[in-house]
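Visitor: test case, fold it:
(one chain, ligands or ions: 1)
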Amino acid sequence: MEEKFDVIVIGGGVIGCAAAYFLSANTSFNGSVLVVEPDPTHTHASSTLSASSLRTQFSNSLNIKISQYGYDFISHFHDLMSVNGDRPFLKFHEGGYLFLAKSDLQVEIMRQNNSVQLANNADVVLWSTSELANAFPHVNVTDIKLASYGKSGEGWFDNVGFLNGFKRKAQDLGAKFLKDEVVGFNKNKKVIESINLKSGKKICSGHFVNATGARAAKIAAYAGIDVPVAPRKRTVFVFDCENSPQGSASVNNGSLPLMVDNTGVYCRPEGSY
Ligand SMILES: Cc1cc2nc3c(=O)[nH]c(=O)nc-3n(C[C@H](O)[C@H](O)[C@H](O)COP(=O)(O)OP(=O)(O)OC[C@H]3O[C@@H](n4cnc5c(N)ncnc54)[C@H](O)[C@@H]3O)c2cc1C
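Guide: I've put the predicted structure just below:
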């Protein structure tokens with residue numbers, strides 16, 4: 001007899017694991033869930049390569065509200081994902097984001113964004129050059145006209161713990177995980193009825209979640225759907241700082257923020273290596 005699940009989640013990164021968790025934890029959903037993931041070590045998954053930072057400094061209300069929901073969820077993550085008394089703490093580091101504006105246009109956009117953020121109760125503040133220099137004395141402020149800082153609700157956390165927390169809880173709630181790769185769909189007229197796996201197996205379902213992240217276009221193409229998503233390489237460097245300015249700030253107990261300069265380059269403290 002062919003194997004059958006009510007929902008098949010394709011991809012076991014953080015989105016796939018979260019989808020499996022939210023489905024399994026939903027008391028009005030009684031179905032079975034399967035997550036198919038070819039690489040449980042997640043070597044190339046965005047989830048484990050991510051900077052795993054959360055901010056409320058966005059330009060639109062929806063993104064701000066998503067982040068506020070995320071912050072609240074992460075604050076309770078260890079209780080929500082508790083399995084047999086094991087509570088996964090994400091070590092959320094509430095360092096805040098600091099955005100720097102140099103040109104008049106950047107200043108104008110920063111002010112517009114700030115009013116949207118304040119309207120959504122984000123805990124953010126705009127600083128003049130002298131206020132910035134006072135808060136973070138290590139920053140060379142000579143060409144900075146305005147700065148935007150998140151006083152709370154922003155920071156970074158353990159991305160691997162985030163993924164594993166969702167996965168473990170989803171499994172505890174009954175979701176199944178399979179190490180395999182989806183290589184195609186089988187359709188009956190226009191309706192997708194099953195997936196083909198690299199191992200040669202075929203598994204049936206009525207609902208499929210495409211959670212393959214940057215590789216989503218390939219899965220969508222199997223279903224005849226064009227999704228305009230393509231993977232792009234990003235590079236993150238880790239370096240030691242001989243004389244770290246960590247501790248020198250006059251705000252947030254001396255902690256340095258995740259600082260984004262006017263070109264989009266960012267840096268944040270990680271401790272020492
Ligand atoms: C360098 C970097 C920094 C980032 N920083 C941040 C940040 O600070 N804050 C933030 O919010 N976001 C950040 N992101 C984005 C964030 O990490 C991603 O949006 C998120 O991790 C996407 O999760 P995902 O589960 O959709 O994708 P992924 O984690 O990529 O998971 C997709 C999974 O699908 C699997 N898969 C692929 N093909 C198949 C197939 N055919 N069959 C079955 N499975 C398949 C893959 O093996 C993979 O495990 C960053 C991303 C990167 C790369």
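
Visitor: of all residues in the protein, which one is nearest the centre?
Guide: Ser52 (5.6 Å; CA atoms, centre = their mean).

Visitor: test my guess that that residue contacts Gly161.
Guide: No - between Ser52 and Gly161 there is no contact under CB atoms under 8 Å: 9.4 Å. All C-beta spots, glycine's among them, are computed from the backbone N, C-alpha and C.

Visitor: which parts of the stretch 151-273 of the chain sit against the ligand?
Guide: Residues of the stretch 151-273 of the chain lying near the ligand by CB under 6 Å from any ligand atom: 181-182, 211-215, 219, 234, 236.

Visitor: one more time with 8 Å
Guide: Residues of the stretch 151-273 of the chain that fall close to the ligand, judged by CB under 8 Å from any ligand atom: 156, 159, 163, 180-183, 211-216, 218-219, 234-236.

Visitor: just the buried members of these?
Guide: Neighbour counting over these (16 or more other CB atoms under 10 Å) leaves 156, 159, 163, 180-182, 211-213, 215-216, 219 as the buried ones.

Visitor: which stretches of the protein form helices?
Guide: Ranges of helices in the chain, per DSSP state H, are 14-25, 46-49, 61-75, 77-80, 104-119, 129-135, 159-172, 216-222.

Visitor: contacts for the third one next, please.
Guide: Residues outside helix 61-75 that contact it (CB atoms under 8 Å, 6 or more residues apart in numbering): 54-56, 58, 80, 90, 92, 116-117, 119-122, 153-154, 157, 162.

Visitor: what's the angle between it and helix 104-119?
Guide: Comparing the axes of helix 61-75 and helix 104-119 via axes from the mean of the first three to the mean of the last three CA atoms, to 10 degrees yields an angle of 60 degrees.

Visitor: and helix 61-75 with helix 14-25, angle?
Guide: Using the same axes, to 10 degrees: helix 61-75 against helix 14-25 is 70 degrees.

Visitor: may I have helix 61-75 as CSV, with CA atoms only?
Guide: What follows is helix 61-75, C-alpha atoms only, in CSV (Å, rounded to 0.1, in the frame of the first residue of the first chain):
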residue,chain,number,x,y,z
SER,A,61,3.6,48.1,9.3
LEU,A,62,3.3,44.5,8.2
ASN,A,63,7.0,43.8,8.6
ILE,A,64,7.1,45.6,12.0
LYS,A,65,4.2,43.5,13.2
ILE,A,66,5.7,40.3,12.0
SER,A,67,8.9,41.1,14.0
GLN,A,68,6.9,42.1,17.1
TYR,A,69,5.1,38.7,16.9
GLY,A,70,8.5,37.0,16.4
TYR,A,71,10.0,38.8,19.4
ASP,A,72,7.1,37.7,21.6
PHE,A,73,7.3,34.2,20.2
ILE,A,74,11.0,33.9,20.8
SER,A,75,10.6,35.3,24.3
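
Visitor: and the residue of the stretch 151-273 of the chain closest to the ligand?
Guide: Proximity of the stretch 151-273 of the chain to the ligand (CB to the nearest ligand atom) peaks at Gly213, 2.4 Å away.

Visitor: that residue and Phe77, how far apart?
Guide: Separation of Gly213 from Phe77 (CB to CB, to the nearest Å) stands at 21 Å.
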